[in-house]
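Okay, here's the prediction I keep looking at, along with the sequence it came from:
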Amino acid sequence: MKMLYRKRISILYFLFVILSLVFINPSIQKPKSDYHSSQLKEITTKEKNVVRIDYVNEDGEITIAANQGFATRKIITTEMGKIETFFDDKGEPVTQSAGYYQIFREYDDMNNNIRTTFQDAEGKPVTRSDGYSIEEKLYNEKRQIIETRYLGMSGEPVFTKSYGCGKINEYNEKGEICKIIFVDEKRNPVMTERGYAIMKQRYYCHDTDYINKVERELYYDECGKPVKLSLGQYGVHKEYDENGLATVLTYLDMDGNPTITNKGYTTIVREFQANGEIATEKYYDLLGNPFSLSEGQYGINRENGQTTYLDKNGNKMINIKNFLYNQSWVVVFFVLLIVFVSTFLSKKMNSLLLIMYILIIGYMTLMFRESISSKIQVSLFWNYSKIITDNRILVEILRNIWLFIPLGALFYRLYPRKIIIMIPVLISIVIEIIQYLTGIGSCDLDDIVHNGIGAIIGYKMEKIALDDYSELSAAYSLGYKYKSSAN
C-alpha cells in the first residue's frame, strides 16, 4: 500500500516537472502577432444592425492587431444599446487583456456612452482585472466626460486600486483634460495605488508633432500638495513615437524640472513591441549620459517573456541571475539535481549545501533588486484571474514554488519531521518583510504560500528519494549476503 502511494506521488511530481518545463518555457510567450494596428488596414462592412471591422495585412489577410488583441470587432446595435465582441484571425471569440469577452454600451439621447458593462462570453457581467465590471460616465453640455464611476457586477460602487471609486475631469479653455481627481464613494479625493490622488496635465502645443498628447504630469495628494512617488519623482515629462506611445520619460522634481531618481537615472528611453509592451529600455543621467544600474546594466531587452540586460552599447550582457530567470529549465534541472545529490550526502555536507542555497535565495530575492516599492498584498490569489490572459503570472508562481523546493528537501534531510516545513515558510516571511521595509519589493502573501508549497514538494520529494534509496540499499545488501552465503 505504501509502495503504491509513493508511486502515485512520484507520478504527480513527474507531471509537475513536465508541466513546469512547458509553461516556464519562454517560447510559449511569443506574441500572437507582429503587427501593430497602425501597420494594418481597417475594412468596415455593414449588414443591417451589424458593423464588422477587420484588420487586414498587405496580402489582404485578416490579422490580429497585437496592440488591440483582436483581428475582428463586431458591433451589434440593439434597442438597449450596442454589443461589441472581439475575434481572432480564425474567427474565434477572444478574451481581452483585462479579462472580458465583450462590451455592452448604453447611450443617452445625445448619443453619449453613459454606461459600459464588461461581459463574459455568455453576456454576463465580469470583473475586469483592474477591479470593476461597469463604468458609468457623466457629461457636460459640451459633451465632455466630467466624471467616471466604477461599479461592481451588481452595480454597487467599488474601490479600484488604480482609480479609486471614480475620477473627476477638469478641462482647460482648449477642451483638454488638465486635472484628474481620483475619488472615493463620496466623491472625495483619495490616494490610489499609483501613489497620488490628483494628477495635473499639460499638453503639447498644436504646432508640434505631438498633437493632443500630454507633455507633463505632476502628482498631488488628496489635499492638493505635491507628492513624491516611488522613484522619488513628483512628475514626468513625456515624448512619443509614431504610434502615440510614450518612448521618452524624464522624471521631474516638485518644480517640474528634471531630477535624479532614487535609482540614479533621470530619463528612460523605450522602444515598444507591436503589442504595446516594452521591447527595450535604456537609462540616462541628468546630463543625458548613459547610466548603469546596480548590476552594471545600462538597459534591458524584453523578448518572448525573457528579460536580458544591456551594456552601454546596447549589446546583451552575461549575468547569472538574468540567465537563471530567462532559462528556467536550468533552474528545474538544478533543483532536481540538489534533491538527488542530497540523498547521498552526509548531514554535514547537506548542512553546507543548505547554507549555500539560502545565500543563493538571498541573492536572487534581495540583492541588486531594481524595484522600489513598499506595498503589502494580503489578498490571497489576487492575480489568479489574470493567468489566462497573462502567462507571466503563472511563470512567476512556478518560479516561486521551484525556488523553495531545495529548502524543503535539505531541511528534511537534516531533520525528517513535518514541523521542519515551518522553517522555509519563516524564511519566506523574513524575505517578504525585508523587501517591504527596504522598498525593494512588495510584501505579498501569495509569494509566501507559493514558497511554502515548494518547501512541501521538496520535503516529499526527498522523503520518497530516501525511502527508495533505503529500499535499494537493503535489497542490494540482502542480495550480496545471499550471494556470499551461497559461495
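In hand now; what should we look at?

Tell me the gap between stretch 10-21 and the middle of its chain.
Distance, stretch centre to chain centre, for stretch 10-21: 25 Å (Cα atoms, centre = their mean, to the nearest Å).

Equivalent analysis for stretch 259-273, please.
With Cα atoms, centre = their mean as the basis, stretch 259-273 stands 20 Å off its chain's centre.

swap in stretch 137-147?
Using Cα atoms, centre = their mean, the offset of stretch 137-147 from its chain centre is 33 Å.

And for stretch 404-413?
28 Å.

Give me the contacts around that stretch.
Stretch 404-413 has contacts (Cβ atoms under 8 Å, 6 or more residues apart in numbering) with 335, 338-339, 342-343, 345, 347, 350, 353-354, 357-358, 361, 420-421, 423-424, 427-428, 450-463, 466. C-beta: built from backbone N, CA, C; applies to glycine.

Please narrow these to those residing in helices.
335, 338-339, 342, 347, 350, 353-354, 357-358, 361, 423-424, 427-428, 450-463, 466 (DSSP state H).

of the residues you listed, buried ones?
335, 338-339, 342, 350, 353-354, 357, 361, 424, 427-428, 450-463, 466 (16 or more other Cβ atoms under 10 Å).

For the stretch 301-450 of the chain, which segments count as strands?
Under the criterion DSSP state E, counting those that start in this stretch, the stretch 301-450 of the chain contains strands at 306-310, 376-377, 443-444.

and residue 392, which of those strands is closest to it?
strand 306-310 (10.3 Å; Cβ to Cβ).

From the rest of the structure, what touches the closest one?
By Cβ under 8 Å, 6+ apart, the list of residues contacting strand 306-310 reads 26, 280, 282, 295-302, 316-317, 319, 322, 325-326.

Any idea how far that strand is from the middle of the chain?
The answer for strand 306-310 is 16 Å, by Cα atoms, centre = their mean.

And it, what's buried?
Those would be 306, 308-310, for strand 306-310 by 16+ other Cβ under 10 Å.

With just CA atoms, put it into PDB.
Only the C-alpha atoms of strand 306-310 are listed here, as PDB (Å, rounded to 0.1, in the frame of the first residue of the first chain):
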ATOM      1  CA  GLN A 306      12.700  37.000 -21.400                       C
ATOM      2  CA  THR A 307      14.400  40.000 -19.900                       C
ATOM      3  CA  THR A 308      18.100  40.500 -20.800                       C
ATOM      4  CA  TYR A 309      20.400  43.200 -19.500                       C
ATOM      5  CA  LEU A 310      22.100  45.500 -22.000                       C
END
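
average model confidence for it?
The average pLDDT within strand 306-310 is 85.

in this protein, which helix or strand is least confident?
In the chain, the helix or strand scored least confidently by mean pLDDT, DSSP states H and E is strand 376-377, which has a mean of 66.

Who's the closest spatial neighbour of residue 292, skipping the chain neighbours?
residue 298 (5.1 Å; Cβ to Cβ, 6 or more residues apart in numbering).

list the contacts for the one you found?
282-283, 290-292, 310-312, 314.

Would you mind splitting the chain into its domains for me?
1-28+325-475, 36-94, 108-115+122-186, 194-303 (the TED database).

how about those in a markdown table, adding distance to residue 102?
Output for the domains of the chain, formatted as a markdown table (distance: least, Cβ to Cβ, whole Å):
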| stretch | distance to residue 102 |
| --- | --- |
| domain 1-28+325-475 | 15 |
| domain 36-94 | 4 |
| domain 108-115+122-186 | 7 |
| domain 194-303 | 21 |
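
for the ones you listed, which one sits closest to residue 100?
domain 108-115+122-186 (5.3 Å).

start to end distance for the closest one?
24 Å (Cα to Cα, to the nearest Å).

ok, now stretch 173-180?
16 Å.

Same check on stretch 144-163?
Distance between the two ends of stretch 144-163: 19 Å, counting by Cα to Cα.

Residues touching that stretch, excluding its own?
In contact with stretch 144-163 (Cβ under 8 Å, 6+ apart) are residues 125-127, 130-140, 164-169, 171, 175, 182, 184-185, 190, 192-194.

List only buried entries from those.
125-127, 131-137, 164-169, 182, 184, 190, 192.

Among the contacts of residue 298, which one sits closest to residue 401?
residue 310 (29.6 Å).

leaving aside the residues next to it on the chain, what's closest to the closest one?
In space, not counting the residues next to it along the chain, residue 310 is nearest to residue 299; the distance is 4.0 Å by Cβ to Cβ, 6+ apart.

same check, this time on residue 463
Nearest non-adjacent residue to residue 463 (Cβ to Cβ, 6+ apart): residue 412, at 6.1 Å.

so residue 222 sits right up against residue 190, yeah?
Yes - using Cβ atoms under 8 Å, residue 222 is in contact with residue 190, at 6.1 Å.

what residues are shared contacts of the two?
Going by Cβ under 8 Å, 6+ apart, residues that sit against residue 222 and also against residue 190 are residue 197.

least reliable of the domains of the chain going by mean pLDDT?
domain 1-28+325-475 - the lowest mean pLDDT of the domains of the chain, at a mean of 79.

What residues sit buried inside stretch 283-300?
In stretch 283-300, counting by 16+ other Cβ under 10 Å, buried: 283-284, 286, 290-293, 297-300.

Return the alpha-carbon coordinates of that stretch using PDB.
Presented in PDB, the C-alpha positions along stretch 283-300 are these (Å, rounded to 0.1, in the frame of the first residue of the first chain):
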ATOM      1  CA  TYR A 283      18.700  54.700 -18.700                       C
ATOM      2  CA  TYR A 284      20.300  58.200 -18.800                       C
ATOM      3  CA  ASP A 285      21.500  60.600 -16.100                       C
ATOM      4  CA  LEU A 286      20.700  64.200 -15.600                       C
ATOM      5  CA  LEU A 287      23.200  65.300 -18.300                       C
ATOM      6  CA  GLY A 288      21.900  62.800 -20.800                       C
ATOM      7  CA  ASN A 289      24.700  60.300 -20.500                       C
ATOM      8  CA  PRO A 290      24.100  56.500 -20.400                       C
ATOM      9  CA  PHE A 291      23.600  55.400 -16.800                       C
ATOM     10  CA  SER A 292      24.200  51.900 -15.300                       C
ATOM     11  CA  LEU A 293      22.100  50.300 -12.500                       C
ATOM     12  CA  SER A 294      23.200  48.100  -9.700                       C
ATOM     13  CA  GLU A 295      24.300  45.000 -11.800                       C
ATOM     14  CA  GLY A 296      26.000  47.100 -14.400                       C
ATOM     15  CA  GLN A 297      23.200  47.100 -16.900                       C
ATOM     16  CA  TYR A 298      22.500  50.300 -18.900                       C
ATOM     17  CA  GLY A 299      19.200  49.000 -20.100                       C
ATOM     18  CA  ILE A 300      17.000  45.900 -20.600                       C
END
